[in-house]
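*Asks:* need a 3D model of the sequence below.
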Amino acid sequence: MKALIFAAGLGTRLRPLTDDRPKAMVEIAGKPMLQHVIERVAAAGFDDITINIHHYGQMIIDFLEQNNNFGVNIHISDERGLLLDTGGGILKARQWLDGDEPFLVHNTDIISTLDLKAFYNYHVEHDALATILVKERRTQRYLLLDENDRMCGWTNKATGELKPDPEKLRDLELKEMAFGGLHIISPRIFPHLESYRRKEGEKFSIIPFYVSACKHHLIHGYHPDNDYLWLDIGKPETLAQAQEILQSNNSASR
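*Replies:* Just a heads-up that it's a prediction; the model follows:
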């Protein structure tokens with residue numbers, strides 16, 4: 001099973017911790033963020049992992065070599081020349097992700113206990129172009145889902161924007177759900193990403209692509225009924241919270 005871990009971010013919200021290292025190498029409970037994610041992903045059966053790099057990218061390469069790639073097959077998608085954002089990053093890694101099976105995309109600054117295999121199986125069952133982890137949490141920007149959890153659009157509550165079809169969306173009763181930083185994606189997406197890149201340029205985010213594609217393609221939101229830990233640790237306050245939780249869990253397991 002294949003996965004892509006986004007580790008190319010600049011980590012500006014975590015400065016000065018990221019002044020001399022990539023965000024993915026900021027430690028939490030004695031391990032870099034990246035190690036936590038690799039171990040979680042590998043434990044769920046994803047044994048062919050691509051990691052994109054940019055800021056202090058060599059530090060990540062050296063870290064992986066020092067740890068024998070944590071026993072899995074790892075590819076490096078090198079964005080040190082140009083940081084491509086999430087959509088461009090997925091497209092650049094195509095050579096390792098293409099084929100006949102879906103792949104997981106996981107932000108390196110998300111720590112969770114989500115059942116990744118159940119997430120993957122849900123995607124396979126629904127045969128969507130992409131399945132996006134969504135959560136009920138307060139933010140400014142929301143994905144809009146219908147009663148079947150199909151993505152229908154996007155809104156920015158601060159500006160009142162509605163996309164892709166404002167008039168139609170205003171007439172629908174839709175759930176507002178926040179993006180959770182994980183996706184399962186079908187390789188069928190790649191020709192569509194290529195077309196989108198020709199219009200938008202090499203560097204583009206995946207969420208605007210989903211917004212434009214949801215009118216014509218099945219994109220699902222995934223929000224399991226069971227409780228699970230989820231933290232965006234790309235901010236100082238949540239990094240400290242995660243540190244406390246993981247240290248407590250480590251102590252309890254001894």
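
*Asks:* please tell me how far residue 205 sits from residue 179.
*Replies:* Noted for residue 205: a distance of 11 Å to residue 179, by CB to CB, to the nearest Å. To be clear about C-beta, it is placed using only N, CA and C from the backbone, and glycine gets the same treatment.

*Asks:* tell me the bridge partners for residue 51.
*Replies:* residue 5, residue 76 (DSSP bridges).

*Asks:* list the buried residues of stretch 44-51.
*Replies:* Using 16 or more other CB atoms under 10 Å as the test for burial, stretch 44-51 gives 44, 46, 48, 49, 50, 51.

*Asks:* mean confidence for that stretch?
*Replies:* Average pLDDT, stretch 44-51: 98.

*Asks:* how far is that stretch from where the chain is centred?
*Replies:* Stretch 44-51 sits 14 Å away from the centroid of its parent chain (CA atoms, centre = their mean, to the nearest Å).

*Asks:* contacts for that stretch next, please.
*Replies:* 1-5, 7, 34, 38, 41-42, 60, 64, 72-77, 93, 96-97, 104, 115-117, 120 (CB atoms under 8 Å, 6 or more residues apart in numbering).

*Asks:* drop anything exposed from those residues.
*Replies:* Neighbour-count burial (16+ other CB under 10 Å) applied to those gives 1-5, 7, 34, 38, 41-42, 60, 64, 72, 74-77, 93, 96-97, 104, 116, 120.

*Asks:* more crowded one of residue 205 and residue 179?
*Replies:* The neighbour comparison of residue 205 against residue 179 (other CB atoms under 10 Å) goes to residue 179, with 21 against 15.

*Asks:* OK, contacts around the more buried one?
*Replies:* Applying CB under 8 Å, 6+ apart, we find residue 179 in contact with 132, 133, 134, 135, 141, 143, 207.

*Asks:* give me that answer again for 10 Å
*Replies:* Shown in contact with residue 179 (CB atoms under 10 Å, 6 or more residues apart in numbering): 107, 132-135, 137, 139, 141-143, 154, 206-207, 210, 221.
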